[in-house]
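> predicted structure and sequence below. I'll ask about it afterward.
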Amino acid sequence: MKMALSQDCSKPDFSRFQSMPLDALLEATASKEPVPGGGGIAAMTAASAAALVEMVANLTLGKKGYEDVAKLMESIKEQARDLRIRYLAGIAEDAAAFDGVIRAVRLPKDTPNRKDIVQQAFKEAAEIPFSLGKDIFVLVQLAEQTVRYGNKWVITDGAIAAMNARSAMRSAFYSVRVNLQSITDEQYVRDMTEAIQRIEREAALLEQRVEREYERR
């Protein structure tokens, strides 16, 4: 997330980001405004990877020689579509999480329970990209299956989807880590860090499988 601050005290509607034309979204990202930032772009990248997975599934369905994987591809297509929609919503979720942190840290020092409010804001700001990262890991798994079983003429697209999905997943987890630095609950931080490390190890193995399958086919 960018760390520049806005002076507007009203709650903005971040849902506009997911329906922006691509060029407008990138212009907004390039601006002096703090959102959309890294977490939002990670979500956008994941959505584009999900679209590629859908494409590979669609270009496998109904093709001669792929009848045995038709049910699998239909399932992958449906899951990838749902994930694409979820990732697009993640752009606004990341922005809202950042906004929540800023509002919390700007509370007057004499606000009752201010410390607890700030800590909760940082936890929410960590949990949102953590949830996104976990959901992106599902896409990495789906992309690996498209490379393994999908139409060989478009396995490059499946491989690109897998690489972009893993990059987006790691980016989401970077957003988690930056917020963990401000959380004082040591057990919470330890549990979250261990969960991230576990998912990243599994994703690394999947990426290796994608490379092997891509070379094999």
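Cool, got the structure.
> ok, V35 touching F98?
Yes. V35 lies in contact with F98 (Cβ atoms under 8 Å); the separation is 5.7 Å. Where you see a C-beta, it was placed from the backbone N, CA and C, and this is true even at glycine.
> run through the protein and note the low-pLDDT ranges.
1-10 (pLDDT under 70).
> quick one, helices of it?
Ranges of helices in the chain, per DSSP state H, are 22-30, 38-58, 70-105, 114-149, 155-180, 186-216.
> right, so of the ones you listed, which gets closest to R16?
helix 70-105 (7.9 Å; Cβ to Cβ).
> chain center to the closest one: distance?
Centre-to-centre, helix 70-105 and its host chain are 7 Å apart (Cα atoms, centre = their mean, to the nearest Å).
> then stretch 162-169?
So, by Cα atoms, centre = their mean, the centroid of stretch 162-169 is 9 Å from its chain's centroid.
> show me what that stretch is in contact with.
42-43, 45-46, 48-50, 52, 87, 133, 136-137, 139-140, 143-144, 147, 199-200, 203, 206-207, 210 (Cβ atoms under 8 Å, 6 or more residues apart in numbering).
> and the residues you listed, which are buried?
With burial judged by 16 or more other Cβ atoms under 10 Å, the buried subset of the contacts of stretch 162-169 is 42-43, 45-46, 48-50, 52, 87, 133, 136-137, 139-140, 143-144, 147, 199, 203, 206-207, 210.
> how near is N179 to R201?
N179 sits 22 Å away from R201, going by Cβ to Cβ, to the nearest Å.
> who's more crowded, those two?
Applying other Cβ atoms under 10 Å to N179 and R201 shows that N179 carries more neighbours, namely 25 against 10.
> the closest residue to M20 other than its chain neighbours and I102, how far apart?
Of all residues not flanking M20 in the chain, A28 sits nearest, at 6.9 Å (Cβ to Cβ, 6 or more residues apart in numbering). As judged by Cβ to Cβ, A28 and I102 stand 17 Å apart.
> same thing with M73?
M73 sits 44 Å away from I102, going by Cβ to Cβ.
> so between these two, which is more surrounded?
M73 (23 against 18).
> distance of the more buried one relative to N151?
Applying Cβ to Cβ, the value for M73 to N151 is 9 Å.
> what do those two both touch?
T60, Y66.
> which residues does the most centrally placed residue in the chain contact?
For the chain, the residue nearest the mean C-alpha position is A43 (4.0 Å; Cα atoms, centre = their mean). Going by Cβ under 8 Å, 6+ apart, A43 touches Y87, L88, A89, G90, I91, E93, D94, L132, A168, A172.
> cool, and R86?
Counting by Cβ under 8 Å, 6+ apart, R86 has contacts D135.
> try it again with 6 Å
Taking Cβ atoms under 6 Å, 6 or more residues apart in numbering, we find R86 in contact with no residue.
> next: E186.
Contacts of E186 by Cβ under 6 Å, 6+ apart: none found.
> right, I'll leave it there.
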